[in-house]
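A.B. asks: Could you look at this predicted model? Sequence included:
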Amino acid sequence: MYTAQFSISTLNNLYEISGVEVGQHFYWQIGSFQVHAQVLITSWIVIAILLSLAILATRDLQTIPTSGQNFVEYVLEFIRDLTRTQIGEEEYRPWVPSIGTMFLFIFVSNWSGALLPWRVFELPHGELAAPTNDINTTVALALLTSVAYFYAGLHKKGLSYFGKYIQPTPVLLPINILEDFTKPSSLSFRPSGNILADELVVAVLISLVPLVVPIPMMFLGLFTSAIQALIFATLAAAYIGESMEDHH
């Protein structure tokens, strides 16, 4: 009973946190729904960048790869190795597109916040920023990860997947259930918190000391942005691999 109440409370808190706003925001009204236009606009731009790069890099594939094809193959091999390491040699192949898509979306989103001049574009309210700056984006990605590892476990083991909750002893059942709620929470808060903090720090430094000082912070932001994308993809793959492991 206590576990169920705690779980409901956790979900309610996540819902309330998703409504937290920093500054003003620009919304679109679509029917009876109010959507966050800033996040949609920047997400579409990031998706367009990824699609454009993919099309340009793969439209004329060569047996002896060129520099652009070499780069794409290197990225693909990196994602494949990451997925194989976390999920395992036998099961990793179907999950490479999913893990790769999340990694590239978060990576390009994070870097777009540091490299693209979003604030040049004026909106009726608020301003454009990296999609991962908004907690709703990372919550959605975290929930997709949760659905993915539940699907992976149920697809491989069937209903016996739920046996993991009473291992190594039934006493740990409440803790094992709570673990499934803490996973998406940690995945959600880590990237959005870091990106938001980085953008706020750089904005404050630029307003106080416009020259020289903000530049090292921007380079540090690029590094931490890449690390956050890598951590998210690694944890997502690890959770999927864990759900398919055999428990004894």
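C.D. replies: Good, I have the coordinates.
A.B. asks: burial count for the nearest residue to Gln62 once chain neighbours are set aside?
C.D. replies: Counting by Cβ to Cβ, 6 or more residues apart in numbering, Gln62 lies nearest to Gln69, which is 6.2 Å off, once chain neighbours are set aside. (Each C-beta comes from the backbone N, C-alpha and C, glycine too.) If you count neighbours by other Cβ atoms under 10 Å, Gln69 ends up with 15.
A.B. asks: so which helix or strand takes in Gln69?
C.D. replies: Secondary-structure assignment from DSSP states H and E places Gln69 in helix 67-87.
A.B. asks: For that helix, output the C-alpha coordinates as CSV.
C.D. replies: The C-alpha trace of helix 67-87 is given here as CSV (Å, rounded to 0.1, in the frame of the first residue of the first chain):
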residue,chain,number,x,y,z
SER,A,67,35.7,11.9,-45.8
GLY,A,68,32.0,12.5,-45.2
GLN,A,69,31.2,8.8,-45.4
ASN,A,70,34.1,8.0,-43.2
PHE,A,71,32.7,10.3,-40.5
VAL,A,72,29.2,8.8,-40.7
GLU,A,73,30.6,5.2,-40.5
TYR,A,74,32.7,6.2,-37.5
VAL,A,75,29.6,7.6,-35.7
LEU,A,76,27.7,4.4,-36.6
GLU,A,77,30.5,2.2,-35.3
PHE,A,78,30.7,4.2,-32.1
ILE,A,79,26.9,3.8,-31.5
ARG,A,80,27.1,0.1,-32.4
ASP,A,81,30.0,-0.5,-30.0
LEU,A,82,28.2,1.4,-27.2
THR,A,83,25.0,-0.6,-27.7
ARG,A,84,26.9,-3.9,-28.0
THR,A,85,28.8,-3.2,-24.8
GLN,A,86,25.7,-2.5,-22.7
ILE,A,87,23.2,-5.0,-24.2
